[in-house]
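A.B. asks: dropping a prediction and its sequence here:
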Amino acid sequence: MSKAQRVRAVLGGLLMLLAAAAMALSPDKGYRIVIFVLGLVLFFGGLGRLVYFVTMARHMVDGRRSLYTGALLLDVGILALNLRSLSQTYVLLYLLVGYLFAGLVSFLRAREAKSYGSRAWRRTLVVGIVDVAIAVLCVAFIGSPRVAVWLYCAGLAWSACERIASAFRKTAIVYIA
């Protein structure tokens with residue numbers, strides 16, 4: 001990671017922490033913000049995948065996966081942005097699926113890192129455990145919009161701390177400036 005990328009990671013993490021604190025302090029307004037942020041993240045994630053497909057992935061083996069993933073994320077993002085009166089159950093289901101998927105990916109990455117003999121598998125495993133724990137809490141408190149906002153804020157704060165920590169982690173790649 002270059003110095004500029006490290007600075008961007010730290011600033012992005014600090015902004016995420018600030019946003020999590022702002023939403024946690026006003027959970028009534030925070031619920032609408034969570035819906036809007038989820039919609040934006042899904043929309044721009046899908047748009048980014050589609051741009052990646054058009055610029056590079058269409059020439060790669062299995063590049064169509066980027067097209068399909070981008071189209072799906074874009075559709076779900078547009079749906080979430082257009083539903084103003086989205087039930088809190090659906091927002092919690094969005095969070096549940098997202099955190100379960102992220103936890104599963106972290107578990108698989110930890111297992112792969114352990115098989116390669118890396119020492120970083122423990123941190124990846126902890127990230128997966130936290131993601132699955134947040135998903136379980138989403139199921140436990142599926143009827144409360146305030147809890148949905150707090151869970152989203154906790155996940156956002158966790159993600160911000162991970163981003164900041166990764167900025168200070170040493171990389172194994174030598175960069176030539």
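C.D. replies: Noted; the coordinates are in hand. Numbering: from 1, shown residues only.

A.B. asks: just the helices from the chain, written as ranges.
C.D. replies: With DSSP state H as the criterion, the chain has helices at 3-25, 27-55, 64-82, 88-115, 121-140, 145-168.

A.B. asks: any chance of these in TSV, plus mean pLDDT and mean neighbour count?
C.D. replies: In short, each C-beta sits where N, CA and C put it, glycine included. Below are these laid out as TSV (pLDDT from 0 to 100; neighbours: other CB atoms under 10 Å):
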stretch	mean pLDDT	mean neighbour count
helix 3-25	87	15
helix 27-55	84	17
helix 64-82	88	16
helix 88-115	84	17
helix 121-140	86	17
helix 145-168	83	19
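
A.B. asks: how far away is L25 from R163?
C.D. replies: 21 Å (CB to CB, to the nearest Å).

A.B. asks: repeat that for A110.
C.D. replies: 19 Å.

A.B. asks: can I assume F44 is in contact with G77?
C.D. replies: Yes: with contact defined as CB atoms under 8 Å, F44 and G77 form a contacting pair (7.4 Å).

A.B. asks: next up, the contacts around the closest residue in space to R109 that isn't next to it in sequence.
C.D. replies: Nearest residue to R109, sequence neighbours excluded (CB to CB, 6 or more residues apart in numbering): T124, at 5.1 Å. Taking CB atoms under 8 Å, 6 or more residues apart in numbering, we find T124 in contact with 106, 109-110, 113.

A.B. asks: please repeat the previous calculation with a cut-off of 10 Å.
C.D. replies: Neighbour list for T124: 105-114, 118 [criterion: CB atoms under 10 Å, 6 or more residues apart in numbering].

A.B. asks: and what of C161?
C.D. replies: 13, 16-17.

A.B. asks: now, which of these sits nearest R58?
C.D. replies: Minimum distance to R58 across the contacts of C161 is 32.3 Å, recorded for M16 (CB to CB).

A.B. asks: excluding chain neighbours, what is closest to the closest one?
C.D. replies: Here the residue nearest M16, using CB to CB, 6+ apart, is A160, at 3.6 Å.

A.B. asks: tell me how far the one you found lies from L108.
C.D. replies: 23 Å.

A.B. asks: quick revisit: could the contacts of C161 go into JSON lines alongside distance to L93?
C.D. replies: Shown next, in JSON lines, are the contacts of C161 (distance: CB to CB, whole Å):
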{"residue": "G13", "distance to L93": "27"}
{"residue": "M16", "distance to L93": "23"}
{"residue": "L17", "distance to L93": "26"}
